[in-house]
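Engineer: Provided below for reference: sequence and predicted model.
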Amino acid sequence: MLEITELNIYILEKVIHEIAPELIDIYNIREDESEEQQIKTGRLHENRILGIILKFYLEGKKKVTTRDVEIEYKKFFKEIARSTISTYLNMLKKESTLYKERDGRLVYYIFFEDPPKEISAFWFTRLFCVDPAYFSRAIYFSSLYSIAEIIVKKHMKKGNYDELVNTFRYLTGIIILYILKNRSSKCILCQFSKQERYIELLEALNLAIKERTDVLPSELQESLKKKYAEIPNFGGYYFRDENKEIEMIEELLSSANQYKKDMEYQTMVLNRRINTRILEKVPVNNK
């Protein structure tokens, strides 16, 4: 996984602007009732801190410090004091959710048990904020999108180079939209969320995805949505193993080659829809 930096966030926004410009102002909506009303913020902080530790866990980092959590917290949410983070980390330790391990002056926090798998999204989002993990995954695929030419050149075994670059980008673009959809579908279930806002976002994402996938084979759509666009706790890929990551990239390239004609037709249909909308907005001059 890639570290979340301003540059990587910029790359993600640039990719979203290319694949679905209608979503650029709303794709990362994050609104919580508790924060606005200043109620239950303690549980909200716990939920978010667990989400950040989950993100680290999925990236292969099982031990985190208070400073690690502090730095990540302000990337996703409003900045809070390190002492506040330390307080909630220690509360989670007392609850036996985390345990401490000391190395000299450093204190690490570690999950007492591995995060739960094969569990209902509702119950999971009662405990963990999944936003950091999904956002990190979206950034990862936006990086693949941005270096598509390098990836195709490195792994290409057959097919037209330029066509494969375009179809690989199309696939990764759809995956990013599915990641945003999967994330918002969990946020709707969160005990802290402003649900009407996430419902609006989910509707916009569903429309954007439908317009970019409705003539693609259903088996391809399901694969993109579940294997690549889901975080591991809901059945998606782990990318911690470099060999697994290479295998995943080669699978995507194989799909890009296999479904090339479908995506060319989908692109033609999408462009026709966009052009029709543009024409509908042009005022007719009455002479």
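Structural biologist: Sure, I can see it. Numbers count the residues shown, from 1 in each chain.
Engineer: I'd like the mean pLDDT over stretch 12-28, please.
Structural biologist: Per-residue pLDDT over stretch 12-28 has a mean of 93.
Engineer: all numbers from here: first residue = 39
Structural biologist: Sounds good: first residue 39 from here, last item stretch 50-66.
Engineer: what about that stretch, how long is it end to end?
Structural biologist: From its first residue to its last, stretch 50-66 covers 11 Å (Cα to Cα, to the nearest Å).
Engineer: what residue ranges in the stretch 189-325 of the chain are flagged as low confidence?
Structural biologist: 195-197, 317-325 (pLDDT under 70).
Engineer: could you redo the last one with a cut-off of 50?
Structural biologist: Low-confidence segments of the stretch 189-325 of the chain (pLDDT under 50): 324-325.
Engineer: what's the offset of the helix or strand harbouring Ile148 from the middle of its chain?
Structural biologist: Assessed by DSSP states H and E, Ile148 sits inside strand 144-149. How far strand 144-149 lies from its chain's middle: 26 Å, per Cα atoms, centre = their mean, to the nearest Å.
Engineer: which parts of that strand are buried?
Structural biologist: 146-147, 149 (16 or more other Cβ atoms under 10 Å). C-beta here means a position set from N, CA and C on the backbone, and glycine is covered the same way.
Engineer: Check which helix or strand the residue nearest to the spatial centre of the chain maps to.
Structural biologist: Central residue of the chain (Cα atoms, centre = their mean): Tyr172, 3.0 Å from the mean position. Using DSSP H and E, Tyr172 sits in helix 169-184.
Engineer: rewinding a little: can you pull the contacts of the residue nearest to the centre of the chain?
Structural biologist: 217-218, 220-221, 224, 269 (Cβ atoms under 8 Å, 6 or more residues apart in numbering).
Engineer: For those, work out which two are farthest apart.
Structural biologist: Spanning the widest gap among the contacts of Tyr172 are Leu218 and Ile269, at 12.6 Å by Cβ to Cβ.
Engineer: okay, these two: which has more neighbours?
Structural biologist: Shown here are Leu218 and Ile269; by other Cβ atoms under 10 Å, Leu218 has more neighbours (28 against 22).
Engineer: and the more buried one, what helix or strand is that in?
Structural biologist: helix 199-225.
Engineer: ok, Ile217 to Met306 distance?
Structural biologist: 25 Å (Cβ to Cβ, to the nearest Å).
Engineer: what about those two, which has more around it?
Structural biologist: Each of Ile217 and Met306 has its neighbours counted (other Cβ under 10 Å); Ile217 has more, 28 against 11.
Engineer: thinking again about what came up before, of the buried residues of strand 144-149, which is the nearest to Asp200?
Structural biologist: Looking across the buried residues of strand 144-149 and measuring by Cβ to Cβ, the closest to Asp200 is Phe149, at 45.6 Å.
Engineer: picking up where we left off before, for the contacts of Tyr172, please prepare JSON lines with the additional fields distance to Arg164.
Structural biologist: Formatted as JSON lines, the contacts of Tyr172 follow (distance: Cβ to Cβ, whole Å):
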{"residue": "Ile217", "distance to Arg164": "22"}
{"residue": "Leu218", "distance to Arg164": "22"}
{"residue": "Asn220", "distance to Arg164": "17"}
{"residue": "Arg221", "distance to Arg164": "16"}
{"residue": "Lys224", "distance to Arg164": "11"}
{"residue": "Ile269", "distance to Arg164": "17"}
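Engineer: can you give me the strands in the chain?
Structural biologist: Remark: strands assigned in the chain by DSSP state E are 136-141, 144-149.
Engineer: Can you mark which positions in the first one are buried?
Structural biologist: It refers to strand 136-141. Leu136.
Engineer: Using CSV, write out the CA atom coordinates for that strand.
Structural biologist: Output of strand 136-141 as CSV, limited to C-alpha atoms (Å, rounded to 0.1, in the frame of the first residue of the first chain):
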residue,chain,number,x,y,z
LEU,A,136,-5.3,-3.7,22.1
TYR,A,137,-2.2,-4.7,24.1
LYS,A,138,1.0,-2.8,24.7
GLU,A,139,4.6,-3.8,23.8
ARG,A,140,7.5,-1.6,25.0
ASP,A,141,10.8,-1.3,23.1
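Engineer: Fine, thanks again, bye for now.
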